[in-house]
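**Q** Test case, fold it:
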Amino acid sequence: MSAGGEQDAAEPAPPRTSRAGRDLRAAILVGLGLGAVILVALFTVRQVFVGLVAVAVAVSMYELAGALKRGAGINVAYVPVLVGGQAVVWLAWPFERSGMLTAFVVTILAVLIWRLKDGADGYLRDVTASIFTVAYVAMFASFAVMLVVPEDGVFRVLCFLIGVVLSDTGGYAAGVFLGKHPMAPTISPKKSWEGFAGSMVAGMVGGALTVGLMLGGQWWHGVLFGAALVVTATTGDLVESLIKRDLGLKDMGTLLPGHGGLMDRMDSLLPSAVVGWLLLHLFVPG
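**A** Below is the predicted model of the structure:
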């Protein structure tokens with residue numbers, strides 16, 4: 001800095017952040033890029049979407065395991081967790097719930113055996129964290145895979161993704177311009193009830209339109225679907241915020257500019273995939 005307080009020419013300017021604390025330009029560009037990749041996969045060969053989910057699961061599990069190690073000294077059993085997580089995702093395509101559950105149970109057994117070599121110190125802690133990592137990331141993500149399996153699976157995935165995006169966008173816009181009443185100040189200070197209301201309006205309108213137009217479902221089914229995704233997306237954000245606060249970390253990783261790690265973007269998608277699959281399976285049977 002110069003004597004007058006101005007920034008030296010050689011010193012790079014800090015990234016622009018929005019009122020919500022994000023590098024908004026980077027966040028938007030990354031979000032659009034990820035969305036384009038997903039759309040290309042969905043409208044070309046649907047199995048490519050499964051591959052994208054598998055890659056996202058592997059990266060997210062790696063980031064979560066690394067965060068547990070950095071923040072709490074927990075040693076996740078990397079090999080059985082990463083291999084088992086892939087098995088959970090890939091077996092959800094041909095065998096759906098039976099394949100997913102079988103892979104999960106076998107992974108638990110593999111984790112129990114793998115961790116034996118490191119002795120009794122921290123055994124229960126490490127095993128529990130390893131199983132949690134597979135369940136929280138791979139099991140939840142496998143429901144997104146099951147969304148794409150039916151004949152109209154492309155549109156089921158789009159309904160789910162659009163619902164989560166609208167929840168995030170509506171909440172962000174309403175929170176920035178109208179947010180006054182904190183929703184969970186000790187967990188996520190920037191979340192407000194006004195933002196949640198914005199998410200709910202955007203999610204319900206989007207759900208009514210997407211479920212009605214893409215899947216031929218009842219409009220009120222779409223409203224319930226959109227509202228449920230808003231609740232699960234918001235809950236997912238809060239749950240990951242709690243995990244990061246417990247570990248004393250700001251982000252799970254640094255892979256995505258403006259977002260943090262990939263796991264920091266998966267937080268709202270993971271629980272929403274479960275509820276999205278359940279409701280569409282109920283409302284619009286494949």
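**Q** Can you name the next helix or strand after the helix ranked longest in the chain?
**A** Criterion DSSP state H: the longest helix present in the chain is helix 78-114. Counting by DSSP states H and E, the next helix or strand C-terminal to helix 78-114 is helix 123-133.
**Q** Run through who's touching that following helix.
**A** 61, 64-65, 68, 74-77, 80-81, 85, 107-108, 111-112, 115, 118 (CB atoms under 8 Å, 6 or more residues apart in numbering). In short, each C-beta sits where N, CA and C put it, glycine included.
**Q** can you do 7 Å?
**A** When contacts are defined by CB atoms under 7 Å, 6 or more residues apart in numbering, helix 123-133 is touched by residues 61, 64-65, 68, 74-77, 81, 108, 111-112, 115.
**Q** What average pLDDT does the helix or strand that it is followed by get?
**A** Next along the chain after helix 123-133, taking DSSP H and E as the criterion, comes helix 140-147. For helix 140-147, mean pLDDT rounds to 97.
**Q** The helix or strand following helix 140-147 packs against which elements?
**A** Later in the chain than helix 140-147, the nearest helix or strand by DSSP H and E is helix 153-178. Judged by 3 or more CB pairs under 7 Å, 6 or more residues apart in numbering; DSSP states H and E, helix 153-178 is in contact with helix 24-42, helix 46-72, helix 140-147, strand 188-192, helix 193-215, helix 219-247, helix 269-283.
**Q** What is the neighbour count of the closest residue to residue 52 other than its chain neighbours?
**A** Nearest residue to residue 52, sequence neighbours excluded (CB to CB, 6 or more residues apart in numbering): residue 41, at 5.4 Å. Look at residue 41: counted by other CB atoms under 10 Å, it has 20 neighbours.
**Q** Give me the pLDDT for residue 41.
**A** For residue 41, the model assigns a pLDDT of 88.
**Q** show me what contacts it?
**A** 48, 49, 52.
**Q** and residue 250, that's in a helix?
**A** No. Residue 250 sits outside any helix when classified using DSSP: H, G, I helix; E, B strand; the rest coil, being coil.
**Q** Return the distance of it relative to residue 70.
**A** 11 Å (CB to CB, to the nearest Å).
**Q** quick one, which of these two is more surrounded?
**A** residue 70 (13 against 9).
**Q** Only the buried residues of the longest helix of the chain, if you could.
**A** Within helix 78-114, the residues scored as buried using 16 or more other CB atoms under 10 Å are 78, 80-82, 84-93, 96, 99-101, 103-104, 107-108, 110-111, 114.
**Q** got it, and stretch 174-182?
**A** In stretch 174-182, counting by 16+ other CB under 10 Å, buried: 174, 175, 176, 179.
**Q** Wait, the last one touches residue 195, no?
**A** Looking back up the chat, that one is residue 179. Yes. Assessed by CB atoms under 7 Å, residue 179 is found in contact with residue 195 at 5.2 Å.
**Q** got the angle for the lowest-mean-pLDDT helix or strand in the chain vs helix 153-178?
**A** Of all the helices and strands that make up the chain, helix 24-42 has the lowest average by mean pLDDT, DSSP states H and E, namely a mean of 80. Interaxial angle of helix 24-42 relative to helix 153-178 (axes from the mean of the first three to the mean of the last three CA atoms, to 10 degrees): 170 degrees.
**Q** and helix 24-42, how far out from the chain's middle?
**A** 14 Å (CA atoms, centre = their mean, to the nearest Å).
**Q** Take the contacts of residue 41 and lay them out in CSV including neighbour count, distance to residue 264 and pLDDT.
**A** CSV is the format used below for the contacts of residue 41 (neighbours: other CB atoms under 10 Å; distance: CB to CB, whole Å; pLDDT from 0 to 100):
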residue, neighbour count, distance to residue 264, pLDDT
48, 15, 24, 92
49, 25, 21, 94
52, 16, 17, 94
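**Q** nearest to residue 144, of the residues you listed?
**A** Nearest to residue 144 out of the contacts of residue 41 is residue 49 (CB to CB; 8.4 Å).
**Q** How many residues are close by residue 283?
**A** By other CB under 10 Å, 16 other residues sit near residue 283.
**Q** How about it: what's its closest non-neighbour residue?
**A** Using CB to CB, 6+ apart and skipping the chain neighbours, the partner closest in space to residue 283 is residue 221 (4.2 Å).
**Q** Sweet, I'm off.
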